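In: kindly return the folded structure for what I paste below:
(2 chains)
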There are 2 protein chains.
Amino acid sequence: MGDDAAVLAPFVGEALISTDVAVLGIDLDAELFPLEDLGFKAVAAAVSDLAAMGARPRGAVVAVGSPPGTDLEELHRGIADAAAMTNCPIVGGDLTQAHDVFVAVTVFGECPGRGAVLRSGARPGDELVVTGPLGRSAAGLRRRRAGARLEDELVVAHRRPWPRIAEGIGARGAGVHAMMDLSDGLGLDLHRLADASRVGFVLDYVPVAPGATLEESISGGEDYELLIATDDAARLRLIFHDRGLRPPITIGHVVANPAKRTWNGDDFERRGWQHQL
Amino acid sequence: MGDDAAVLAPFVGEALISTDVAVLGIDLDAELFPLEDLGFKAVAAAVSDLAAMGARPRGAVVAVGSPPGTDLEELHRGIADAAAMTNCPIVGGDLTQAHDVFVAVTVFGECPGRGAVLRSGARPGDELVVTGPLGRSAAGLRRRRAGARLEDELVVAHRRPWPRIAEGIGARGAGVHAMMDLSDGLGLDLHRLADASRVGFVLDYVPVAPGATLEESISGGEDYELLIATDDAARLRLIFHDRGLRPPITIGHVVANPAKRTWNGDDFERRGWQHQL
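Out: Residues are numbered from 1 along each chain as shown, chains lettered A, B, ... in the order given. Now for the predicted structure:
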């Protein structure tokens, strides 16, 4: 620090980079949540973009704008908590005056060995799996709006999303064909993966998290579980098991016809929440 | 694009990263300058941080916040112009709604061969040089405030700062001891280099750009010329000459006593403009 730019030891393999910006009042309701959540969620969303491609985080820089009187210490606490939890050190930043309170987080990571896993690699016959049950974040937001405490388990799931870094690295090592994070809900993101791969899908099963509704598990955003397409789910399961990760959950499979996108035999329409992070 | 993060081919050597944020109305007067200047200057300021350490730009990501009705095409034009001029491709971004118009630019670069040049390496006896005459940006702002056209040469110098990438890379190759960019004016930045290196300096000569005042050349910010400490200015001069760069200008030399900081025999006090970019 103190120099014009942060200097990091050489990256190994491909370099990955992603930026996410969060604005108070747009991306976070200041009446319902403390300011530190804005910082935490901005960092977590950015790191999840690395996890989604199987990268290992190397660091982040944070640009903050705020009006005089903003509790920057509280904002920084959320940023620092997320950086510590995701093992992604904050190596630089910039601070400026603004009318909004905003946090722009840029993360960078590396992919040693095999390259990054893209969205576009799904092949007909691939199994579709997710890394955990869905809808926790949306359920937490609903509960908070109804008066639940900040410490409520599902409210915490909404406030403190957990990027699936270990799962992403494991899946990349397992040679999965395609991967992304579920930031906007399965109802949108499954279509995006299929679009990028020019394939269709048969969705058999939506894993609804305890306390969430079926609708929340399909259309709720910010779960940040990973969606994976692989022709060797057994290997993925083994690697996850060896590393002490939760077992991946099979939700369906990929088909060649891009127009075929069904859920229990019916058309599975695009739906979901265009989140801002 | 379309994936969660941008994927770049492996970096060579150390990875450098820097972030700069610019807010309309704070960092740019919307009455005096077009919106595209906000984008251009944010990118140029960030790339200059790479130049300041001798890095080669590899790419940038841009996070933009804006209220409905903002001319995002104009803003983007400025961003794209600066990216093209500095050979620093925009590889990703994020866009969100905000009350402010703001641009947060994160750049990343690489240092093949020798590592990045820090501020802290200046040694007693080193020659102090700058890459060009000073005060052009501050003079351009003054002229614009007095009614000069946007196309006025000095106004353009203010609107379209040019990061000294080739000079920085050449200086790193020449093995200079310390380097930084003059973003806040010699009156502040020379002290910063001396502070980081725990040395003093004797300043003999301030190169005033044609059209600028002495005060502007000392206290004016955003020139983005490089300040360099080297024990082999002849080699630096030769490399610059070979590459068709302007000859470096000697302004003084480094002394061991950190308390000795003089200009023509008098104390050289900290002064300058704390710019926001």
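
In: going by C-alpha atoms from here, please, whenever you check contacts or count neighbours.
Out: Fine.

In: without its sequence neighbours, what residue ends up closest to A:L38?
Out: A:L28 (6.3 Å; CA to CA, 6 or more residues apart in numbering or on different chains).

In: which SS class is the residue nearest to the spatial centre of chain A?
Out: What sits nearest the mean C-alpha location of chain A, by CA atoms, centre = their mean, is A:Y224, with 3.1 Å. Classification of A:Y224 using DSSP: H, G, I helix; E, B strand; the rest coil returns coil.

In: what sits against it?
Out: Listed by CA atoms under 8 Å, 6 or more residues apart in numbering or on different chains, the contact set of A:Y224 reads A:A45, A:S48, A:P161, A:W162, A:P163, A:R164, A:D181, A:L182, A:S183.

In: quick one: it from A:V155, how far?
Out: 15 Å (CA to CA, to the nearest Å).

In: kindly report the same for A:S48.
Out: With CA to CA as the criterion, A:S48 and A:V155 are 19 Å apart.

In: more crowded one of the two?
Out: Each of A:S48 and A:V155 has its neighbours counted (other CA atoms under 10 Å in any protein chain shown); A:S48 has more, 33 against 23.

In: what's the helix or strand for the more buried one?
Out: helix A:36-51 (DSSP states H and E).

In: name the helices or strands packed onto that helix?
Out: strand A:14-23, strand A:56-66, helix A:72-85, strand A:102-111, helix A:153-159, helix A:165-173, strand A:178-181 (3 or more CA pairs under 8 Å, 6 or more residues apart in numbering or on different chains; DSSP states H and E).

In: turn these into JSON lines, columns for mean pLDDT and distance to A:I239.
Out: Converted to JSON lines, the helices and strands packed on helix A:36-51 look like this (pLDDT from 0 to 100; distance: least, CA to CA, whole Å):
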{"stretch": "strand A:14-23", "mean pLDDT": "95", "distance to A:I239": "23"}
{"stretch": "strand A:56-66", "mean pLDDT": "96", "distance to A:I239": "17"}
{"stretch": "helix A:72-85", "mean pLDDT": "97", "distance to A:I239": "22"}
{"stretch": "strand A:102-111", "mean pLDDT": "96", "distance to A:I239": "18"}
{"stretch": "helix A:153-159", "mean pLDDT": "97", "distance to A:I239": "25"}
{"stretch": "helix A:165-173", "mean pLDDT": "97", "distance to A:I239": "6"}
{"stretch": "strand A:178-181", "mean pLDDT": "98", "distance to A:I239": "16"}
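
In: how about a markdown table for those, with distance to A:A229 added?
Out: Formatted as a markdown table, the helices and strands packed on helix A:36-51 follow (distance: least, CA to CA, whole Å):
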| stretch | distance to A:A229 |
| --- | --- |
| strand A:14-23 | 21 |
| strand A:56-66 | 20 |
| helix A:72-85 | 27 |
| strand A:102-111 | 19 |
| helix A:153-159 | 25 |
| helix A:165-173 | 10 |
| strand A:178-181 | 5 |
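
In: highest mean neighbour count out of these?
Out: strand A:178-181 (a mean of 30; mean count of other CA atoms under 10 Å in any protein chain shown).
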